[in-house]
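Participant: Sequence and predicted structure are below.
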Amino acid sequence: MSKIKSCLICSSKKNKHYADSGIHEYIQCTQCGLVYLKRMPSKEDIYKAYNGGFFKSFRRKITAPFRKLENLSGYEERVSDFKKRLNTLSLYSSEFYKLHLLDIGCNKCFLLEAAVKLGFGNVSGVELVPELTIQFQKKYPQYKKQIYHSDFSKLDKQIGDKAFDVITAFDLVEHLTTPDLDFKNIHSLLKENGVFLFQTPNTDSREAQELKERWGALKAYEHYNLFSEKNIIQFGIQAGFSKIDIIDNKLLNNGDMMVLMTK
């Protein structure tokens, strides 16, 4: 495990105990309020948390080609939910469905499915676990080459800067090990006036305040940096975004916040 020496937002080394998560400790910057792990888990432990282990990965690879997207667990609920979240983009453009969208951490591609159903004509995704995207690529062969199985920070080398009108990331930001670099990469991938729409845990939320160490966002092997409404704005400005909006969305009842950043 490697020790985190200073806050990634304000570089302050002054912090206090926030909560324990198993053998790990979350600390909070006393200057800007960012909550982060005092020591990062090993790369091996992080990898295990994501791929589910050898047998789960093997089972997915074997069964994926024989399953349809519509038959995957949670399909109806998740696609419906993502449709509502994508409608938030109407704040940005009345014809948002004409925009080129990239979903980072697209997982089983339920958000991309929602985008297609809403009428988006050009969608792309990034997912590190290839077998998770098989059903979507099979259903929409026209987008097969637009699903990238690599770190999104390398996309600029594959397709160039300023490639997308919209980038989405739901339940991803808290998983980033280098969010300062990642937000700058996202900024570079957006066209001028493009937007970054994401959802992430909010340390200012009622759930975070009331549940304390029982708050579901405290997952040391998966969630490394937890933001508040105030410091996510500061963080976005530092990454180069010109406007940051915290969206008041009644869909969020789990201590998360939805953020729209404009390049």
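Facilitator: Good, I have the coordinates. Being a predicted model, the structure only gives us computed values, none of them experimental.

Participant: elements contacting the longest strand along the chain?
Facilitator: Using DSSP state E to define each element, the chain has its longest strand at strand 190-201. Here strand 190-201 touches helix 75-86, strand 164-170, strand 256-262, going by 3 or more CB pairs under 8 Å, 6 or more residues apart in numbering; DSSP states H and E. Yep, even glycine has a C-beta here, placed from its N, CA and C like the rest.

Participant: can you tell which of those is closest to Ala239?
Facilitator: Closest approach to Ala239 among the helices and strands packed on strand 190-201 is made by strand 256-262 (7.9 Å; CB to CB).

Participant: one step back: include mean neighbour count when you put the helices and strands packed on strand 190-201 into JSON lines, please.
Facilitator: JSON lines is the format used below for the helices and strands packed on strand 190-201 (neighbours: other CB atoms under 10 Å):
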{"stretch": "helix 75-86", "mean neighbour count": "16"}
{"stretch": "strand 164-170", "mean neighbour count": "24"}
{"stretch": "strand 256-262", "mean neighbour count": "21"}
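
Participant: Save these as a markdown table, and put in mean pLDDT and distance to Pro141 too.
Facilitator: Shown next, in a markdown table, are the helices and strands packed on strand 190-201 (pLDDT from 0 to 100; distance: least, CB to CB, whole Å):
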| stretch | mean pLDDT | distance to Pro141 |
| --- | --- | --- |
| helix 75-86 | 95 | 19 |
| strand 164-170 | 96 | 21 |
| strand 256-262 | 95 | 32 |
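
Participant: Distance to Ser153 for the ones you listed - can I get that in JSON lines?
Facilitator: Converted to JSON lines, the helices and strands packed on strand 190-201 look like this (distance: least, CB to CB, whole Å):
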{"stretch": "helix 75-86", "distance to Ser153": "24"}
{"stretch": "strand 164-170", "distance to Ser153": "13"}
{"stretch": "strand 256-262", "distance to Ser153": "17"}
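
Participant: returning to what we had before: mind listing what the longest strand of the chain pairs with, with the direction of each?
Facilitator: With DSSP bridges as the test, strand 190-201 is paired with strand 164-170 (parallel), strand 256-262 (antiparallel).

Participant: So for Asn231, which of the helices and strands packed on strand 190-201 sits nearest?
Facilitator: strand 256-262 (11.5 Å).

Participant: OK, contacts around Asp156?
Facilitator: If a contact means CB atoms under 8 Å, 6 or more residues apart in numbering, then Asp156 has Ala163, Asn185, Ser188, Leu189 as its contacts.

Participant: Ok, Val195 next?
Facilitator: Listed by CB under 8 Å, 6+ apart, the contact set of Val195 reads Leu89, Tyr92, Asp165, Val166, Ile167, Leu260, Met261, Thr262, Lys263.

Participant: any idea which of these is closest to Lys38?
Facilitator: Nearest to Lys38 among those is Met261, at 27.8 Å by CB to CB.

Participant: That closest one bridge partners, please.
Facilitator: Applying DSSP bridges, one finds that Met261 bridges with Phe196, Ile244.

Participant: Would you mind confirming that it is in contact with Gln238?
Facilitator: No: at 11.4 Å, Met261 does not count as touching Gln238 under the criterion of CB atoms under 8 Å.

Participant: ok, back up a step: what are the buried residues along the longest strand of the chain?
Facilitator: Buried residues in strand 190-201, counted by 16 or more other CB atoms under 10 Å: Leu190, Gly194, Val195, Phe196, Leu197, Phe198, Gln199, Thr200, Pro201.

Participant: what are the C-alpha coordinates of that strand, in PDB please?
Facilitator: Extracted C-alpha coordinates of strand 190-201, given in PDB (Å, rounded to 0.1, in the frame of the first residue of the first chain):
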ATOM      1  CA  LEU A 190     -14.200  17.100 -25.600                       C
ATOM      2  CA  LYS A 191     -14.900  19.500 -28.500                       C
ATOM      3  CA  GLU A 192     -15.100  23.200 -27.700                       C
ATOM      4  CA  ASN A 193     -18.200  23.800 -25.500                       C
ATOM      5  CA  GLY A 194     -18.600  20.100 -25.000                       C
ATOM      6  CA  VAL A 195     -19.900  18.800 -21.700                       C
ATOM      7  CA  PHE A 196     -18.900  16.200 -19.100                       C
ATOM      8  CA  LEU A 197     -21.900  14.700 -17.200                       C
ATOM      9  CA  PHE A 198     -21.200  12.500 -14.300                       C
ATOM     10  CA  GLN A 199     -22.500  11.100 -11.000                       C
ATOM     11  CA  THR A 200     -20.400  10.600  -7.900                       C
ATOM     12  CA  PRO A 201     -20.900  10.300  -4.100                       C
END
